[in-house]
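1. Quick one, what's the 3D model for this:
(one chain, ligands or ions: 1)
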Amino acid sequence: MRSYVIDGPCRLSGEVRISGAKNSTLKLMVAALMVPGEVVLERVPQITDVDLMAEVLEQLGASVQRDGSRLVIDSSGDLCEEAPYELVTKMRASIQVLGPLLARLGHARVAMPGGDAIGSRPIDMHLRGLERMGARFTTEHGYVEGASERLQGVNTLLEFPSVGATENILMAAVLAQGRSVIENAAREPEIQDLCAFLNKAGAHIEGVGTPTIIIDGVDELQPAKHAIVPDRIEAGTYAIAAVATQGDVTLVDCEPAHLELPLMKLEDAGAQIDRGDGRVRVRMEGRPTTLDLVTLPFPGFPTDLQPPMMVLLSQARGSSILTENVFESRFLFVDELNRMGAHIRVEGHHAVIRGVEQLSGAPVRSPDIRAGAALVLGGLCADGRTEVYDAGHIERGYERFVDKLSGLGAGVKLEPARY
Ligand code: EPU
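-> Predicted coordinates for the structure are as follows:
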């Protein structure tokens, strides 16, 4: 195991290039299972979740070849129907193979993902949506097993705009018979990217980026090539880091429109933001002012940026309230941040953050990807040395994190963990 070692405080400045989005790449890789031919994905980030998803696809019978940021997936051979426990528990996004496998093979057997460090994450909406299209499910021995004749297009109203449920139902609907309508669908840019790819491969999807997605089923998809959308969460993390370290950072190759609410909130906190074509410059002088913030599905404030925002607000001039509405246990890292001198009290899904002048470096443990990145950010702001253990979580989602931060002037390195 390795740890991130950060010598703070430091002020970030310079340019950072944003990678392709993790949460888009993973779903596009899964969607490639529906194409009986070659799919070429460009701008694929080099992160361990992509390696894990490649293992899942290979286990299912696809071939996956990587050449730098280009990935070629060929699912023209015989596919198998089972996504095993060892892989699904390592990466929850593997559950997204359910819809594509059912649509292409008529059966699928996928390990139940279970909970994780950010909360209990049921898949009831995924299953209900697919059942309405004609799939039948049994759950036994920790696996969910689905079977169906050709799926039938139906109207589905989601009780919450779940990203995963929207994607699973959407992918199944692409190869179903007739028209499907998903109401109260998730609108995240990664879903829009998935739809753009599927349409290039011959799908008929309308209403992309709106709460009502309309899909007219087709018999088969064709090979296609697609460049992944920029990672708005990675971009947002660097933007928040720039403000928290009172720095001056330009995000390059990003999509400012996907970051609108986080950038607005940073402006409210006192930052100066200049939006350009594929670029955003973020400048900050002095400590941030307080903010009240609520996480919500897109275009609301993203839950994945709540942990870095908590670090920023832990140094604000006054008290802020942060409300987490998407994942029940996403405040688990607060105790670690308090070890670094923050004053945060959690009450249910609200956190009351009393700003301090400066955090103080300490050994801390990263419970998941986003909290891990946030703790590194805390280390950049803190006085003295911070060691963030369980670095593996961060490497799941942030491409070349150490290199990119070092390029901005941070004193950060990866070392073998001491504990
Ligand atoms: N939910 C249900 N039932 C369902 C599906 C979801 O109750 O059938 C609940 C979940 O338990 C959660 C909420 O609905 O409380 C939102 O879940 P959603 O399905 O929207 O999220 P997801 O698909 O599991 C994706 C991202 C997350 C991101 C969320 C929200 C991927 C691989 N994961 O998760 O990303 O936080 O959407 O935007 O796309 C991360 O990258 O670190 C990460 C956790």
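2. so what's residue 230 up against?
-> Counting by CB atoms under 8 Å, 6 or more residues apart in numbering, residue 230 touches 18-21, 253-255, 258. For glycine as for every other residue, the C-beta is placed from the backbone atoms N, C-alpha and C.
3. cutoff 6 Å now
-> Applying CB atoms under 6 Å, 6 or more residues apart in numbering, we find residue 230 in contact with 18, 253-255.
4. how close does it get to residue 160?
-> Remark: distance between residue 230 and residue 160 (CB to CB, to the nearest Å) = 26 Å.
5. do the helix or strand of the chain with the lowest mean pLDDT and the ligand meet?
-> Counting by mean pLDDT, DSSP states H and E, the chain has its least confident helix or strand at helix 85-90, which shows a mean of 87. No. Under the criterion of CB under 6 Å from any ligand atom, helix 85-90 makes no contact with the ligand; the nearest approach is 12.4 Å.
6. Show me what that helix is in contact with.
-> With contacts defined as CB under 6 Å, 6+ apart, helix 85-90 is touched by 52, 55-56, 94, 111, 113.
7. The residues you listed: which ones sit near the ligand?
-> Okay, of the contacts of helix 85-90, nothing touches the ligand (CB under 6 Å from any ligand atom).
8. ok so, going back, for the least confident helix or strand of the chain, which residues meet the burial criterion?
-> Within helix 85-90, the residues that qualify as buried by neighbour count (16 or more other CB atoms under 10 Å) are 85, 87-88.
9. List the residues that contact residue 158.
-> 125, 165, 184.
10. do residue 248 as well
-> Counted by CB under 6 Å, 6+ apart, residue 248 has contacts 13, 283.
11. Check residue 167 too.
-> By CB under 6 Å, 6+ apart, the contact set of residue 167 is 27, 96.
12. part of a helix, is it?
-> Yes. Assessed by DSSP: H, G, I helix; E, B strand; the rest coil, residue 167 belongs to a helix.
13. Can you pick out the most distant pair from the contacts of helix 85-90?
-> Farthest pair in those (CB to CB) is 55 and 113. Separation: 15.6 Å.
14. higher neighbour count, the two?
-> Set residue 55 next to residue 113 and count neighbours by other CB atoms under 10 Å: residue 113 wins out with 20 against 16.
15. For that one, give its distance to residue 11.
-> Relative to residue 11, and taking CB to CB, residue 113 is found at 40 Å.
16. on that earlier part again, can you give me how far the least confident helix or strand of the chain is from the chain middle?
-> Offset of helix 85-90 from its chain centre (CA atoms, centre = their mean, to the nearest Å): 18 Å.
17. where's the dip in pLDDT among the contacts of helix 85-90?
-> Within these, residue 113 has the lowest pLDDT, namely 82.
18. Can you name the residues that contact it?
-> Residue 113 touches 88, 92, 95, counting by CB under 6 Å, 6+ apart.
19. 10 Å instead, please
-> 83, 85, 88-89, 91-95, 121-123, 144, 164 (CB atoms under 10 Å, 6 or more residues apart in numbering).
20. ditto for residue 50
-> For residue 50, the contacting residues are 20, 22, 25-26, 29, 41, 44, 64, 66, 71, 91, 396-397, 399, by CB under 10 Å, 6+ apart.
21. What separation is there between the closest residue to residue 153 other than its chain neighbours and residue 214?
-> Spatial nearest neighbour of residue 153, excluding adjacent residues (CB to CB, 6 or more residues apart in numbering): residue 178 at 3.5 Å. Distance, residue 178 to residue 214, by CB to CB: 11 Å.
22. Mind checking which of these two has more residues around it?
-> Neighbours around residue 178 and residue 214, counted as other CB under 10 Å, are more numerous at residue 214. The numbers are 19 against 14.
23. The residue in the stretch 151-300 of the chain that the ligand sits nearest to: helix or strand, and which one exactly?
-> Closest contact between the stretch 151-300 of the chain and the ligand, by CB to the nearest ligand atom, is at residue 164 (2.9 Å). Assigned by DSSP states H and E, residue 164 belongs to helix 163-174.
24. Check residue 364 too.
-> In the assignment (DSSP H and E), residue 364 maps to strand 363-365.
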